[in-house]
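[1] what shape does this take:
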Amino acid sequence: MEYPLLDLKATGERIRKLRIERHIRVEDISSYMGFESPQAVYKWQRGDSLPTVDNLYALSRLFRIPIDNILVPIREEDASLPLHILELSA
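    Okay, the predicted model is just below:
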């Protein structure tokens with residue numbers, strides 16, 4: 001099994017979609033995270049960068065979903081495997 005990688009662009013699009021579905025503004029996320037500006041949130045949405053683990057956790061709480069529902073793997077078969085299977089293959 002290959003090492004699982006994240007699709008930055010697709011993950012960013014998922015963050016944007018989740019935000020819009022929940023009627024949350026970028027500024028609301030920025031304020032919730034304690035950021036001085038919304039630039040980090042825009043970078044996540046564009047797929048330029050990923051949120052840190054702490055910020056992923058905060059997003060999952062804000063969106064009321066598991067972190068796994070925010071992240072998008074590059075390979076679809078990785079998305080269907082339970083995490084403990086992926087961890088065993090590392």
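[2] can you tell me the element Y57 falls in?
    According to DSSP states H and E, Y57 maps onto helix 53-63.
[3] helices or strands up against that helix?
    helix 8-21, helix 26-33 (3 or more Cβ pairs under 8 Å, 6 or more residues apart in numbering; DSSP states H and E). Any C-beta I mention is one placed from the backbone N, CA and C, and that applies to glycine too.
[4] where does the protein dip in pLDDT?
    1, 76-90 (pLDDT under 70).
[5] may I see the helices and strands packed on helix 53-63 arranged in JSON lines, with mean neighbour count and distance to V53 as well?
    As requested, the helices and strands packed on helix 53-63 are arranged in JSON lines below (neighbours: other Cβ atoms under 10 Å; distance: least, Cβ to Cβ, whole Å):
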{"stretch": "helix 8-21", "mean neighbour count": "16", "distance to V53": "14"}
{"stretch": "helix 26-33", "mean neighbour count": "16", "distance to V53": "13"}
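[6] for those, which one sits closest to N55?
    helix 26-33 (6.2 Å; Cβ to Cβ).
[7] next, the angle from that closest one to helix 53-63.
    What separates the directions of helix 26-33 and helix 53-63 is an angle of 120 degrees, with axes from the mean of the first three to the mean of the last three Cα atoms, to 10 degrees.
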